[in-house]
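Asker: Predicted model, plus sequence, below.
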Amino acid sequence: MSDKSAKAKGPAETASRQGRGSRARKRRTKFAAAVFVLLFLLLAFDVRLKTVRYTVQSEKIGAPVRIALVTDLHSCSYGKGQRTLVDAIEKQKPDLLLLGGDIFDDGLPDRNTEIFLSAIADKYPCYYVTGNHEYWSLRVDEMLNTLRKYGVEILDGKTKTIEIKGQRISLSGIDDPDAAYYSDAGEVLYTQLNEIQTERDRSLFSVLLAHRPSYIKLYRKYKFDLVLSGHAHGGQWRIPYLLNGVFAPDEGWFPKYAGGQYRFADGQMIVSRGLARESTRAPRIFNRPELVIVDLLPAASASEED
């Protein structure tokens, strides 16, 4: 091969290698982008159940009490026999189980809810308040009878003094305000809260189970130590660390009480993001359904918490 021919081929080979390198880089970039998008979608639309734990300390608590809070199940499926949810509860070994409304749905059949109740209700003291969807179904009495069949106690403006391992707490519950429109109960919100106020022992740590967190200003007037709610579904869509929720019933856009623990000068509120999955029209985004565990601890336990 002549020197002239070799010199002519050199730039051509260099250009060819550069072209191949450029195409390889583009393929790697596209692959990386595809992997990123896939991971983003998997995380964004992840609807696996998670367990979220909160701690509440009080001088009124002398011995630890663990509460499992289940809200907004909407008769959704959690595996065969509802074992995913049931096993998650059993793993936490709660002292009592609170059902914070919308356990049934107005569209889906009751089967999954009844399977859940049959698997769990006889293992713990269980208490329930209505949500709006029980009333929207126009079958609320049928649903309440199902709960009674499994030994679940219904807190419709009632207060119970519960003793667990020597620790007494006051547990109250109210019906969802939609009882006024879909039943013959009439106005319930103020009536039931006023009845509770006359019944409960003020010396005990007090818990109010109420489906809707949007009425927190009203609840606070009655000086409960802890309010437990659901209803907001975590605002349905979230941006982790930036936006706690996009839209929630009652509260509208960018809800203040979409989910989490909220502390006030006179008490606290914990809002579950709920368990609804296939019952919702819009998918959950960065908003996994959750089982909430609340540990009530003596105030002195703050430095000993795990």
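Answerer: Cool, the structure landed. Residues are numbered from 1 along each chain as shown.
Asker: Am I right that residue 186 is in a helix?
Answerer: No. Assigned with DSSP: H, G, I helix; E, B strand; the rest coil, residue 186 falls outside any helix and is coil.
Asker: So it versus residue 266, what's the distance?
Answerer: From residue 186 over to residue 266 the distance is 29 Å, taken as Cβ to Cβ, to the nearest Å. From N, CA and C alone the C-beta is placed, and that goes for glycine too.
Asker: Compare neighbour counts for these two and give me the winner.
Answerer: residue 266 (11 against 8; other Cβ atoms under 10 Å).
Asker: ok, the more buried one touching residue 220?
Answerer: Yes. When contacts are counted by Cβ atoms under 8 Å, residue 266 is listed as touching residue 220 (6.0 Å).
Asker: Just grab the bridge partners of residue 57 for me.
Answerer: residue 297 (DSSP bridges).
Asker: Not counting sequence-adjacent ones, nearest residue to residue 99?
Answerer: Leaving out its chain neighbours, the residue that sits closest to residue 99 by Cβ to Cβ, 6 or more residues apart in numbering is residue 128, at 4.1 Å.
Asker: residues touching the one you found, list them.
Answerer: The neighbourhood of residue 128, defined by Cβ atoms under 8 Å, 6 or more residues apart in numbering, consists of 98-99, 101, 103, 147, 152-155, 173.
Asker: nearest to residue 277, of those?
Answerer: Top of the list for closeness to residue 277, among these and by Cβ to Cβ, is residue 103 at 14.0 Å.
Asker: End to end on stretch 118-136, go ahead and measure it.
Answerer: Using Cα to Cα, to the nearest Å, one end of stretch 118-136 lies 24 Å from the other.
Asker: Show me the shaky parts of this protein.
Answerer: Judged against pLDDT under 70, the low-scoring parts of the chain cover residues 1-24, 31-45, 301-306.
Asker: same thing but 50
Answerer: Within the chain, the segments meeting pLDDT under 50 span 1, 302-303, 305-306.
Asker: Would you state the strands of it in chain order?
Answerer: Listed in chain order, the strands of the chain (DSSP state E) span 50-58, 65-70, 96-99, 126-128, 153-154, 158-164, 167-173, 205-209, 226-229, 247-248, 252-253, 260-264, 267-271, 290-298.
Asker: Output those strands in a markdown table, with distance to residue 29 appended to each entry.
Answerer: Formatted as a markdown table, the entries for the strands of the chain read as follows, by distance: least, Cβ to Cβ, whole Å:
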| stretch | distance to residue 29 |
| --- | --- |
| strand 50-58 | 34 |
| strand 65-70 | 46 |
| strand 96-99 | 50 |
| strand 126-128 | 54 |
| strand 153-154 | 59 |
| strand 158-164 | 59 |
| strand 167-173 | 56 |
| strand 205-209 | 53 |
| strand 226-229 | 47 |
| strand 247-248 | 36 |
| strand 252-253 | 37 |
| strand 260-264 | 38 |
| strand 267-271 | 42 |
| strand 290-298 | 37 |
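Asker: Residue 282 is nearest to which of the ones you listed?
Answerer: When the strands of the chain are ranked by distance to residue 282, counting by Cβ to Cβ, first place goes to strand 247-248 at 8.5 Å.
Asker: mind checking how far the closest one is from the chain centre?
Answerer: Between the centre of strand 247-248 and the centre of its chain there are 14 Å (Cα atoms, centre = their mean, to the nearest Å).
Asker: neighbouring strands for it, and are they parallel or not?
Answerer: Partner strands for strand 247-248, per DSSP bridges, with pairing direction: strand 252-253 (antiparallel).
Asker: quick one: contacts of the partner strand?
Answerer: Strand 252-253 is touched from outside by 246-247, with contacts defined as Cβ under 8 Å, 6+ apart.
Asker: if we go to 6 Å?
Answerer: Taking contacts as Cβ atoms under 6 Å, 6 or more residues apart in numbering, the residues outside strand 252-253 that touch it are residue 247.
Asker: just stretch 289-298 next, same as before
Answerer: For stretch 289-298, the external contacting residues (Cβ under 6 Å, 6+ apart) are 49-57, 61-62, 64-69, 88, 92, 272-273, 275, 277.
Asker: Drop anything exposed from these.
Answerer: 49, 52, 54, 56-57, 61-62, 65-69, 88, 92, 272-273, 275, 277 (16 or more other Cβ atoms under 10 Å).
Asker: returning to that earlier point: turn the contacts of residue 128 into CSV, including distance to residue 236 and neighbour count.
Answerer: Converted to CSV, the contacts of residue 128 look like this (distance: Cβ to Cβ, whole Å; neighbours: other Cβ atoms under 10 Å):
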residue, distance to residue 236, neighbour count
98, 23, 25
99, 21, 30
101, 17, 28
103, 19, 29
147, 27, 23
152, 28, 21
153, 31, 15
154, 28, 17
155, 27, 24
173, 25, 28
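Asker: No further questions, thank you.
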